[in-house]
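# I would like to see how this sequence folds:
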Amino acid sequence: MKNIAILGSTGSIGISALKVIRDNPDKYNVVALAAGRNIELLNKQINDFRPILVAVMDDTLANDLSAMVQGDGSPEILSGVEGLVCAATLDEADTVISAMSGGAGLLPTYEAIKAGKNIALANKETMVMAGSLIMKEAEKRGVSVLPIDSEHSAILQSLRGHFREDIRRVILTASGGPFRSVSLAEMDGVTPAQALNHPNWDMGPKISVDSATMMNKGFEVIEAKWLFDLEMDQIFILIHPQSIVHSMVEYRDGSIIAQLGIPDMRTPISYALSYPRHYETRLEPLNLDQIKDLSFKRPDFKKFKCLELAFRAAEIGDSMPIVLNGANEVAVESFLRGGIKFLDISNIIEKTMEYHQPVPVDNIEEVMAVDRWARQAAADVRDAGF
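Okay, here's the model as predicted:
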């Protein structure tokens with residue numbers, strides 16, 4: 001029986017994770033939940049799973065939730081960053097699902113590792129901002145960091161039983177998002193509603209926009225570098241609209257091992273929790289005979305500038321990926337509010353990166369300081385009209 005804390009329980013990953021847990025009551029137990037502002041759904045999750053601790057964004061939400069929660073065995077309700085960290089480091093938890101959106105997931109995930117918790121990681125921003133620190137701390141504490149992203153889960157599965165030194169490259173697949181067949185000129189007029197309408201996956205607003213710009217895939221490249229100890233020239237991307245082949249590993253003898261499955265996040269969530277076993281998920285099977293074709297093509301880096309910026313930040317290294325992430329969060333939030341155009345997202349990020357002088361980062365405090373600089377610099381760039 002694994003005792004699990006979920007950071008981001010009301011988001012798409014958190015909801016799917018709770019479905020996996022509900023289907024395996026003899027294997028998993030929820031001891032803590034942390035969420036943003038959807039306290040109505042959180043209250044239902046509390047009633048269904050009876051955690052001993054819950055964390056929300058602020059004191060007002062905590063008070064509102066306390067008024068909703070009734071009955072014996074009500075959880076302790078905390079708020080703010082301190083509450084998130086308490087949920088992530090709860091003594092009773094042995095596994096933390098890190099599924100919060102954005103850079104806010106970094107600190108509680110890092111503290112969870114320091115507290116000796118195994119991590120099931122969906123928050124790719126954690127690895128973009130501090131991948132080296134995260135992996136060093138996990139090795140130091142003797143805990144695992146297992147990916148929930150379908151692409152990284154596929155790589156993990158394709159590496160099983162093979163020698164890492166035999167890897168030629170890993171191939172991350174990408175759906176291409178809602179604008180894979182749209183011209184660059186047409187993308188200039190994209191609305192938030194269009195950007196949120198992903199053809200294959202049901203995701204939250206921020207990650208949906210990241211998928212539309214392909215920044216999400218850029219983040220996954222950086223995440224793969226740290227998770228699997230790869231060089232940047234070992235990581236390739238192919239557009240695969242069907243989202244059936246979730247990623248591949250090519251070995252030096254020319255063999256390519258791929259992982260296939262229907263596009264449902266319950267599969268990689270389940271594997272991260274059951275690793276190295278494959279437990280029942282009750283999902284419909286993948287019927288290859290009903291699939292007309294599986295197609296692949298290289299991405300257009302000029303059209304999807306955010307993807308190119310992610311590679312650039314990874315190649316520069318040091319503090320630049322932190323700036324990439326912080327500027328992206330500011331730009332995406334501005335786009336969702338209607339304050340900038342879709343293509344302005346990459347313009348703001350690029351300009352912010354140009355203003356930054358990369359420096360080494362040796363601890364989480366330095367990471368957070370660069371993140372604060374990046375967010376303010378990106379806001380200044382936005383307000384100045386680039």
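# can you pull the pLDDT of the residue lying closest to E223 once chain neighbours are set aside?
Of all residues not flanking E223 in the chain, M127 sits nearest, at 4.1 Å (Cβ to Cβ, 6 or more residues apart in numbering). For glycine as for every other residue, the C-beta is placed from the backbone atoms N, C-alpha and C. M127 is assigned 97 on the pLDDT scale.
# which SSE is M127 in?
Assessed by DSSP states H and E, M127 sits inside helix 124-141.
# got it, and R168?
strand 167-174.
# just the CA trace of that strand, in CSV.
Extracted C-alpha coordinates of strand 167-174, given in CSV (Å, rounded to 0.1, in the frame of the first residue of the first chain):
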residue,chain,number,x,y,z
ILE,A,167,21.6,4.8,-26.6
ARG,A,168,22.0,6.7,-29.9
ARG,A,169,19.1,9.1,-29.4
VAL,A,170,15.6,9.4,-27.9
ILE,A,171,12.8,10.6,-30.1
LEU,A,172,10.1,12.6,-28.4
THR,A,173,6.8,12.6,-30.3
ALA,A,174,4.5,15.6,-30.4
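# tell me which other helices or strands that strand touches.
For strand 167-174, the contact count by 3 or more Cβ pairs under 8 Å, 6 or more residues apart in numbering; DSSP states H and E identifies helix 150-159, helix 215-227, strand 235-239, strand 245-251 as packing neighbours.
# among these, which comes closest to A272?
The closest of the helices and strands packed on strand 167-174 to A272 is helix 150-159. By Cβ to Cβ, the value is 6.7 Å.
# hey, C-alpha coordinates of the closest one in PDB?
Taking C-alpha atoms only, helix 150-159 is exported to PDB below (Å, rounded to 0.1, in the frame of the first residue of the first chain):
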ATOM      1  CA  SER A 150       3.400  10.200 -21.500                       C
ATOM      2  CA  GLU A 151       6.500  10.900 -23.600                       C
ATOM      3  CA  HIS A 152       8.900  10.400 -20.700                       C
ATOM      4  CA  SER A 153       7.000   7.400 -19.500                       C
ATOM      5  CA  ALA A 154       7.500   5.900 -22.900                       C
ATOM      6  CA  ILE A 155      11.200   6.600 -22.800                       C
ATOM      7  CA  LEU A 156      11.400   5.000 -19.400                       C
ATOM      8  CA  GLN A 157       9.600   1.900 -20.600                       C
ATOM      9  CA  SER A 158      11.700   1.800 -23.800                       C
ATOM     10  CA  LEU A 159      14.900   1.900 -21.700                       C
END
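# for it, give me every contacting residue.
With contact meaning Cβ atoms under 8 Å, 6 or more residues apart in numbering, helix 150-159 is reached by 146-147, 167, 170, 172-173, 220, 223-224, 227-228, 243, 245-249, 257-259, 261, 263, 265, 267-268, 271-272, 275.
# go on, stretch 275-295?
20, 23-24, 27, 144, 146, 156, 160, 240-242, 244-245, 260-262, 264, 266-267, 270-271, 273.
# list only buried entries from the residues you listed.
Among the contacts of stretch 275-295, those scoring as buried are 20, 23-24, 27, 146, 156, 240-242, 244-245, 261, 264, 266-267, 270-271, 273 (criterion: 16 or more other Cβ atoms under 10 Å).
# can you flag which of these belong to helices?
Among the buried ones among the contacts of stretch 275-295, the members falling in helices (DSSP state H) are V20, L156, R266, T267, S270, Y271, L273.
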